[in-house]
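Undergrad: sequence isn't available, so here's the structure alone:
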């Protein structure tokens, strides 16, 4: 009897609530201690309300982009055109807000509309052509960057610049409205990713497409939903970015790809934290940590060019390494 | 027809020029276990795929009772209360156990479009309870489960629909002795409530013991269906392969027979989790068998011996040169080969070619004069494995994914044999292979022993361990409980008594 119990208890084994709790406490220490140390090194410049508020404000766009990755990249799609879409969607949102006099509503509507449509277009073309997503993403990024540049050139030819929000629709990029937006974004991402059939199907596709298909997951439908949901979060990211910056200049030469790196590093870091906390919440922490890193570097006087780029590259690689430690533990 | 729960009629399915099923018809009676058997590549899995909605038929008809049955997906099969556990499908590693059990059918747990995880987990717990299944935490990610635990989850998924027909494709090979007993109890319960089971297993003794009726397939065609009373193991083998197979699978001798030279020593090894204080010696020309209940630690010992599982205590020593094994590359360099239990995930690159799979374990030997890998040598070893070990494949360039389980295992084993290793660690070497390949692998093991190769055989099949080993170590609670020498008196009962 004892042996049977022994054997079954081994079959039952999983991550105990104790180890989960210890893991979370350990994680909190690992995250908090560097802030305290760096705060001491910088004579208390890190842990001030103003500085933390500034870090948070700079993080919001990347948080929404990272939630977009939750739905898009989790299905196994690596779409590198999201940076170019972010710029284009922000500009269209700006036109809706300023030129159509629709204000914040127009900014959000235009940005979301463009993001959803372009991500859907990417999904359709990829599924027809069967091109690897990262190759298609690079091509699409060049096209979307070019469209932005056509718009920019057209405006310059008329003696004007790309749309600037001025004083219109600037609240969502600033505190305290951005706090509310992040809270709403988190609730939506958490529920959609963890508590809906679509969320389960998206995660299933990313984990094992063939098995998911065999278990009744409709692949095309799920990919479409992932583009729509990812597009909505990317649209909000574009609107917040436009609202925060007032004007976003179109770029060329694939420089838009670099725009996704903070979000990507945060997403990968969040994936590694996923053992202890839910991915959608871990994204907030991951992005905040990565943004803090640059904040600290700036405060320490590290040049914003080469050195900060080096740190960003390292952050992506290290977060990627950490995110490989998956499939252990329980579902939060 | 009243007595018939399910039937297939003139089923046909082709893959390119291969006719996997050719006019196959079969009837499954209510309250009975129907066995399906045939060599690897005989069309069993194809037939099951069509019944369970995983593959479309080319032509033919299926009926549940008298009602035509046309599953468009595995989910529609489940809706028709046909539950299937297939040999090689697996689970979605990134989702919880509970989500895997109800994936594609989550709508029932929705409240205001949000999945109620509490209800989902409770439902899984109630299925465990109803069928007396070993409890696997429904919250845990499927990716962290063992092969056996995954099979239990797949079984739970199939049982979650309260099936009229339960299809089990080679599931017992992945289960330990105690979990098999639970499965057999479930089968009895289903039979008692007039439900039916279609079972595929390569274990003929088990098939004859469990089934009421057996259908035999060969080369995609039905050979016959017979009541189990009219069959014996040898007649079944003959019907399967179309020729007589020599009666004795195992060794004919009944005493241990090996050199006194010790080649490998395990000295009080522990991994801190799965096995503790394991001490044993492997002699030249000896076959040492390890057996035990699920999670007794035998498979983990195999990993440790090959250097892929770190130890927290003890050491593993090759007596030749007094070398300690710490990594797999050391194990390979010092003359060891390893065939792990989970062939497709731990040993083979199934989407790559036969030749590349063979070459990977011996790249240094395939270098040309300037230190570059020679494509001609890679092709050479691929061809040699196909020829020497009778792998059924068009050529060495084909992907392993296109081969049957038995032929994949021949490649898996063949690549080590080609290198003339002194020590082989064979973990469940006949898992999921048919009677012909099984006999072939046993024959190879006997020949290797004669040549002085030492073999560590890890298996959940007690007849296999008893039939081939010189020395048997029985594990219990992560430790060696008892050591048996090969003798006429060594029986399954004696080992089971120690295991329990």
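TA: Yep, it's here. Keep in mind that this is a model prediction, so the values were computed, not measured.
Undergrad: could you list the low-confidence segments of the chain?
TA: By default, I'm working from chain A. Counting by pLDDT under 70, chain A contains low-confidence residues at A:1-19, A:305, A:323-332.
Undergrad: other chain: chain B
TA: Counting by pLDDT under 70, chain B has low-confidence residues at B:1-2, B:16-18, B:40-41, B:87-89, B:242-248, B:294, B:500.
Undergrad: domain parsing of it, as residue ranges.
TA: Domain assignment of chain B by automatic domain parsing yields the ranges B:4-241, B:248-335+B:421-500, B:345-419.
Undergrad: can you list the ones you listed in CSV and add mean neighbour count and distance to chain A?
TA: (C-beta placed from N, C-alpha, C; glycine too.) Listed next are the domains of chain B as CSV, based on neighbours: other C-beta atoms under 10 Å in any protein chain shown; distance: least, C-beta to the nearest C-beta, whole Å:
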stretch, mean neighbour count, distance to chain A
domain B:4-241, 19, 3
domain B:248-335+B:421-500, 19, 4
domain B:345-419, 18, 11
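Undergrad: give me every residue in the stretch 101-250 of chain A lying close to chain B.
TA: Taking C-beta under 8 Å from any C-beta of the partner chain as the criterion, the neighbours of chain B within the stretch 101-250 of chain A are A:191, A:194-197, A:200-201, A:203-204, A:206-208, A:210-212, A:214-217.
Undergrad: the host helix or strand of residue A:83 - contacts with which helices or strands?
TA: With elements taken from DSSP states H and E, the one containing residue A:83 is helix A:82-98. When contacts are defined as 3 or more C-beta pairs under 8 Å, 6 or more residues apart in numbering or on different chains; DSSP states H and E, helix A:82-98 sits against helix A:49-72, helix A:103-129, helix A:133-157, helix A:219-245.
Undergrad: which one of those is the most hemmed in?
TA: A comparison of those by mean neighbour count, using mean count of other C-beta atoms under 10 Å in any protein chain shown, puts helix A:219-245 on top with a mean of 25.
Undergrad: list the contacts of residue 260.
TA: No chain in the question, so chain A it is. Counting by C-beta atoms under 8 Å, 6 or more residues apart in numbering or on different chains, residue A:260 touches A:65, A:80, A:82-83.
Undergrad: think we crossed wires, I meant chain B
TA: The neighbourhood of residue B:260, defined by C-beta under 8 Å, 6+ apart, consists of residue B:283.
Undergrad: in three-state terms, label it for me.
TA: The three-state label for residue B:260, taken from DSSP: H, G, I helix; E, B strand; the rest coil, comes out as coil.
Undergrad: quick check on it: phi, psi?
TA: phi -80, psi -10 (degrees, to the nearest 10).
Undergrad: what distance do you get for it to residue B:455?
TA: Applying C-beta to C-beta, to the nearest Å, the value for residue B:260 to residue B:455 is 17 Å.
Undergrad: same deal with residue A:181?
TA: Spatial separation of residue A:181 from residue B:455 under the definition C-beta to C-beta is 65 Å.
Undergrad: just to revisit the earlier point, could I have the PyMOL command that selects the buried members from the residues of the stretch 101-250 of chain A next to chain B?
TA: Typed into PyMOL, the line below selects the buried ones among these, using 16 or more other C-beta atoms under 10 Å in any protein chain shown:
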select buried, chain A and resi 194+195+196+197+200+201+203+204+206+207+208+211+212+214+215+216+217
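Undergrad: which of the residues of the stretch 101-250 of chain A next to chain B fall within helices?
TA: Judged by DSSP state H, the subset of these located in helices is A:191, A:194, A:197, A:200-201, A:203-204, A:206-207, A:210-212, A:214.
Undergrad: okay, these in TSV with distance to residue B:228 next?
TA: As requested, these are arranged in TSV below (distance: C-beta to C-beta, whole Å):
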residue	distance to residue B:228
A:191	54
A:194	49
A:197	44
A:200	42
A:201	43
A:203	44
A:204	40
A:206	45
A:207	41
A:210	35
A:211	34
A:212	38
A:214	31
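Undergrad: can you tell me which of these is nearest residue B:138?
TA: Ranked by distance to residue B:138 (C-beta to C-beta), those are led by residue A:200 at 13.8 Å.
Undergrad: OK, contacts around the most centrally placed residue in chain A?
TA: The central residue of chain A, meaning the one whose C-alpha is nearest the mean C-alpha position (C-alpha atoms, centre = their mean), is residue A:66 at 1.2 Å. Taking C-beta under 8 Å, 6+ apart as the definition of contact, the neighbours of residue A:66 are A:263-264, A:266-267, A:270, A:283, A:286-287.
Undergrad: give me the neighbour count for the residue nearest to residue A:194 when sequence neighbours are not counted.
TA: Computed as C-beta to C-beta, 6 or more residues apart in numbering or on different chains, the closest residue to residue A:194 that is not its neighbour in sequence is residue A:278, at 6.6 Å. By the criterion of other C-beta atoms under 10 Å in any protein chain shown, residue A:278 has 17 neighbours.
Undergrad: what ranges do the helices span in the stretch 201-350 of chain B?
TA: Residue ranges of the helices in the stretch 201-350 of chain B, as given by DSSP state H, counting those that start in this stretch, are B:204-210, B:233-241, B:298-305, B:328-333.
Undergrad: residues in contact with the third one?
TA: Outside helix B:298-305, the residues that touch it by C-beta under 8 Å, 6+ apart are B:264, B:266, B:269, B:271, B:273-275, B:278, B:290-292, B:309-311, B:316, B:325, B:331, B:336, B:338, B:340-341, B:425, B:427-428, B:456, B:458, B:475.
Undergrad: now swap in the longest one and tell me
TA: Under the contact criterion C-beta under 8 Å, 6+ apart, helix B:233-241 has outside partners B:37-39, B:42, B:204-205, B:207-208, B:214, B:216, B:218, B:223-224, B:231, B:244-245, B:247, B:434-436.
Undergrad: now residue B:146: phi and psi?
TA: Residue B:146 has phi and psi values of phi -80, psi 170 when expressed as degrees, to the nearest 10.
Undergrad: apart from its chain neighbours, what residue comes closest to it?
TA: Counting by C-beta to C-beta, 6+ apart, residue B:295 is the residue found nearest to residue B:146 once chain neighbours are left out, at 7.5 Å.
Undergrad: pretty sure the one you found is touching residue B:179, no?
TA: No - proximity of residue B:295 to residue B:179 does not meet the contact threshold set by C-beta atoms under 8 Å, at 10.1 Å.
Undergrad: so the residue nearest the centre of chain B is in which element?
TA: For chain B, the residue whose C-alpha lies nearest the mean C-alpha position (C-alpha atoms, centre = their mean) is residue B:431; its distance is 3.2 Å. Following DSSP H and E, one finds residue B:431 outside all helices and strands.
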